[in-house]
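Engineer: Starting from these lines, generate the structure:
(2 chains)
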Amino acid sequence: MDSLNIRHHFPIFKEHSDMIYFDNAATTQKPKYVIDAISNFYTHHNFNVHRSVYTHAGETTEMFEQSRKNIASFINAGSAKEIVFSAGTTDSINLIANGYYAKHIKAGDEIVVSIAEHHSNLLPWQKIAKNNGATLKFIPLNEDANLDLNAASQIISDKTKLVAVTAVSNVLGNINPIDQLTTLAHEHGADILVDGAQAAPELPIDVQKTPIDWLAFSGHKMMAPTGIGVLYGKQDLLENMDIPRVGGEMIESVSTTDHKVKDIPYRLEAGTPNIEGVIGLDAAISYLKELKMTNVQKQCEKLGQYLYDQLNVLDGVSVYGPTKRQTGIVSFNVDNIHPHDAATFLDSKNIDVRAGQHCAEPLTHKLGVNATLRASLYIYNTIEECNRLVDCINEMKEFFNGSK
Amino acid sequence: MDLSNIYQRIIMQKASECPNNNQFDSDVHLTNPTCGDNISMAADEKNPNIENLQVSCDGCIICKGATQMMLEAIQDKSADQINELVLNMSKMMTHEHYNEELLGDLVAFKSVVHLPIRIKCAMLPFKAIYQLINGDDINR
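Structural biologist: Numbering: from 1, shown residues only, chains lettered A, B, ... in the order given. Predicted coordinates:
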């Protein structure tokens, strides 16, 4: 894959030609293809969906529902009915927690997460565990900083009702063994929910080959707009979800005292949906399909490994996570330089990296630090940009510590 | 952006002198949740004068430098005078008119206003001392 060629598809890199953008785990840049799709929607197809008989609205409804089918096919869902639109990963997981597990988790039940979860796949389960008298258990990391599968097989038991794990750690960048965890969960009669926020942009996903029960991901981390996300759920689970919101669009019929709701997924999507977001997500997915997800994964892994190897040989730099890299996410620290100071220094060199706890405070503390720097690379980043970061880290050491 | 205006020698020096032992029960503990800066404070008496103040701070240079320089600036000051200092520091960070003389060396943090995301690093110790004295947040 040719990063330099891909960069031409992104207007923001023309606007900020000197910028090194290494904060893709926070949000990705948008290709012209996606921006044009949204512009095209507002220029030619801005009509509400599902409620009007006129031709224009019918066409937009068709585009909208075709997008749902394309998104279903992107993750190989059995049916487009299993795709519910949400505002993003956090929204999807909250919908699942409040709409399904709030009533299915009983006192004494156990929910299992990993120590490396983003807060959005931790806090909803903390809340359910507290409210329902259940126990929240944590799968630790092994010595290689990968999820400890042996420990997982001890922790997941017949008491477990749900295993909720991320497919890719947003701090360490490793891919979790979702295949094995799915088998383990199902052997004990538990469901498995996968936080796909970091996986959907980089890895091929097949929810039938790895028969997970729930998947949540966000559009904006995979080149689509903000405010659109996906909640995938197996049909029987979605059908047993409490309806999160009632109102327009989600009903078959309404009397003065009662109403009859539509089938899934519509009854879970009250109100006018984020049509622009859905159209944008569909465009992002067809852009990714054009590139091929296997190529995207290879490119991110190659960049992540290159940056890891470069940083790992620097004096006074600690890189976190496994030595064998699988994604473009690399977290590190420089001795005696607080990540916030480092990020300000790199900002002065026009390099955008994240500093802090990355919404994963328990993991940050587990690593024995208060915060880390994170460079998260994506398909349009280059080896030259990695080299420039390394040069700037050397300059930074001189600036703050007086030595390279 | 000229980094040497932000990371002035005095700030970098004072940051290296900032106390970080955390061996006491804190009356006030504040953090910047996005970055992990944190500060703890305790005192036997708080008003009208602070007695036996204990402080521990762990964070970035801006936060640690501000903590140490604040500790030096509040020596022998009454609670009212410290409140006045906090108010002026806050005004400096929000581009309002402030008393430069009263802030003294703390004027070194003036350039932090150009880095909005770092203002909370510089203000953390000032918020903490204000809470210690007044029991609530500075209402600005």
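Engineer: what sits up against the helix or strand hosting A:S318?
Structural biologist: Using DSSP states H and E, the element containing A:S318 is strand A:317-320. Identification of contacts with strand A:317-320 by CB atoms under 8 Å, 6 or more residues apart in numbering or on different chains yields A:145, A:171-172, A:308, A:311-312, A:330-335, A:367, A:372, A:393. Where C-beta positions appear, they are placed from N, C-alpha and C, glycine not excepted.
Engineer: PyMOL command for the buried members of these?
Structural biologist: In PyMOL, a selection of the buried entries from those looks like this (16 or more other CB atoms under 10 Å in any protein chain shown):
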select buried, chain A and resi 145+171+172+308+311+330+331+332+333+334+367+372+393
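Engineer: quick one: strands adjacent to the strand holding A:S318?
Structural biologist: strand A:329-334 (antiparallel) (DSSP bridges).
Engineer: and B:A66, that's in a helix?
Structural biologist: Yes - under DSSP: H, G, I helix; E, B strand; the rest coil, B:A66 sits within a helix.
Engineer: Pull the contacting residues for it.
Structural biologist: Neighbour list for B:A66: B:11, B:106, B:109, B:121-126 [criterion: CB under 8 Å, 6+ apart].
Engineer: from those, which are also near chain A?
Structural biologist: Among the contacts of B:A66, proximity to chain A is found for B:C121 (CB under 8 Å from any CB of the partner chain).
Engineer: Can you list phi and psi of the residue of chain A found nearest chain B for me?
Structural biologist: In chain A, no residue comes nearer to chain B than A:N370, which is 3.3 Å away by CB to the nearest CB. With angles defined as degrees, to the nearest 10, A:N370 sits at phi -90, psi -20.
Engineer: so what's it closest to, chain neighbours aside?
Structural biologist: The shortest distance from A:N370 to any non-neighbouring residue, by CB to CB, 6 or more residues apart in numbering or on different chains, is to B:G36 (3.3 Å).
Engineer: quick one on the thing from earlier: minimum pLDDT in the contacts of strand A:317-320, which residue is that?
Structural biologist: Sorting these by pLDDT puts A:L367 at the bottom of the list (87).
Engineer: Tell me, how many residues neighbour the nearest residue to that residue once chain neighbours are set aside?
Structural biologist: Among residues not flanking A:L367 along the chain, A:Y320 sits closest, at 5.7 Å (CB to CB, 6+ apart). For A:Y320, the count of nearby residues is 22 (other CB atoms under 10 Å in any protein chain shown).
Engineer: what about A:Y320, distance to A:V171?
Structural biologist: Plainly put, A:Y320 is 7 Å away from A:V171 if you go by CB to CB, to the nearest Å.
Engineer: Need the overlap of contacts for those two.
Structural biologist: By CB under 8 Å, 6+ apart, the residues touching both A:Y320 and A:V171 are A:331, A:372.
Engineer: secondary structure class for the residue nearest to A:N370?
Structural biologist: coil.
Engineer: Bridged to the closest residue to A:H259 other than its chain neighbours, which residues?
Structural biologist: In this structure, A:H259 finds its nearest non-sequential neighbour in A:I251, 5.0 Å apart by CB to CB, 6+ apart. Assessed by DSSP bridges, A:I251 has beta-bridge partners A:V261.
Engineer: Tell me who's in contact with the residue of chain A closest to chain B.
Structural biologist: Residues in contact with A:N370 (CB under 8 Å, 6+ apart) are A:357, A:364, B:35-38, B:58-59.
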